[in-house]
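Trainee: The following comprises the amino acid sequence and a computationally predicted model.
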Amino acid sequence: MRKKIVAGNWKMNMNLQDGIALAKELNETLTQDKPNCGVVICTPFIHLASIAQFLNQDVIGLGAENCADKEKGAYTGEVSAEMVKSTGAQYVILGHSERRGYYNETPEILKEKVLLALKNDLKVIFCIGESLEEREANKQNEVVKAELEGSVFNLSAEDFGKIIIAYEPIWAIGTGKTATSDQAEEIHAYIRSIIADKYGKQVADDTTILYGGSCKASNAPELFAKPDIDGGLIGGASLKAADFKGIIDAWK
Ligand code: 13P
């Protein structure tokens, strides 16, 4: 049976001290009141090693928001998958629309990143999703299919099993405009169907597919009630322990 997950993506927020304080607060809260789902926090690189020291990783997983598309060497400023792993992190977000859009990450680059992450034993949260323009042209299915084909459908079934998909419509990210639960369910079911076409029903049934985009405690219960929505990838609402806990509790 696939895992239910609520993952936070802190993006470029939180200095080291504030990030540690937030992670400590979450760690205490969730150790006392155990979640009914997997919980992951994905933080800027600089936080990982410090947070890994105290995080109860049986309750909260730790991940990075990116990694390099090269193994090692003269790539000033880059952080490799091996380096991420060595901090104690177990996850990495790849393919976020902000990386694709602002940093020109192409399907080919993402394919390399995915392979390096898996080689270093990291679980990948792989993001896909259409722009407003593409949604208005009713091209969302085409877009997500091409994103999967371009970067992860080259994997073996075994490796694909280490991928968590996050469907994040770009028009819903940070805009306060959530996809309706019906809109989200429709495309999640489509995503699961193309995974089934590629890898078979068992793999598709076992794949966790998260929804992301203005997800908060008030709309999470309705989204998570849908059969093909297995949790959320949370931006803004992951930056305060109470807000994030509110979404985690949607699984209770
Ligand atoms: P918001 O929850 O702030 O809309 O961000 C979603 C997101 O991009 C998570 O990766």
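Mentor: Great, that's in hand.
Trainee: Any idea how many residues pack against whatever residue of the chain ends up closest to the ligand?
Mentor: In the chain, no residue comes nearer to the ligand than residue 235, which is 2.3 Å away by Cβ to the nearest ligand atom. For the C-beta atoms, the positions are set from N, CA and C on the backbone; glycine is no exception. As a burial measure, the neighbour count of residue 235 was computed by other Cβ atoms under 10 Å and equals 21.
Trainee: Please apply the same query to residue 32.
Mentor: For residue 32, the number of neighbouring residues by other Cβ under 10 Å comes to 8.
Trainee: how about residue 199, what does it touch?
Mentor: For residue 199, the contact set (Cβ atoms under 8 Å, 6 or more residues apart in numbering) comprises 157, 160.
Trainee: what about it, distance to residue 156?
Mentor: As defined by Cβ to Cβ, to the nearest Å, residue 199 lies at a distance of 9 Å from residue 156.
Trainee: for residue 87, same thing?
Mentor: Using Cβ to Cβ, one obtains 27 Å as the distance from residue 87 to residue 156.
Trainee: now residue 1
Mentor: 21 Å.
Trainee: likewise residue 209?
Mentor: Applying Cβ to Cβ, the value for residue 209 to residue 156 is 19 Å.
Trainee: now the strands: where do they sit in this structure?
Mentor: With DSSP state E applied, the chain shows strands at 5-9, 38-43, 60-64, 91-94, 123-128, 163-167, 209-212, 231-234, listed in chain order.
Trainee: got the residues of the stretch 101-250 of the chain near the ligand?
Mentor: Remark: the part of the stretch 101-250 of the chain in contact with the ligand comprises 168, 173, 174, 212, 213, 214, 215, 233, 234, 235, 236, 237, using Cβ under 6 Å from any ligand atom.
Trainee: If we only consider those, which is nearest to residue 225?
Mentor: residue 215 (13.2 Å; Cβ to Cβ).
Trainee: dump the residue contacts of the closest one.
Mentor: Going by Cβ under 8 Å, 6+ apart, residue 215 touches 178, 223, 232, 233, 234, 237, 247.
Trainee: distance of the first one from residue 46?
Mentor: Computed with Cβ to Cβ, the distance linking residue 178 and residue 46 is 30 Å.
Trainee: Look at these two and report which has more neighbours.
Mentor: residue 178 (21 against 13).
Trainee: For the more buried one, give me its contacts.
Mentor: Here residue 178 is in contact with 172, 213, 214, 215, 219, 223 (Cβ under 8 Å, 6+ apart).
Trainee: neighbours around the first one, how many?
Mentor: Number of residues near residue 172 (other Cβ under 10 Å) recorded here: 22.
Trainee: I am assuming residue 95 contacts residue 112, so please confirm or correct that.
Mentor: No. Between residue 95 and residue 112 no contact is recorded; they are 11.8 Å apart, counting by Cβ atoms under 8 Å.
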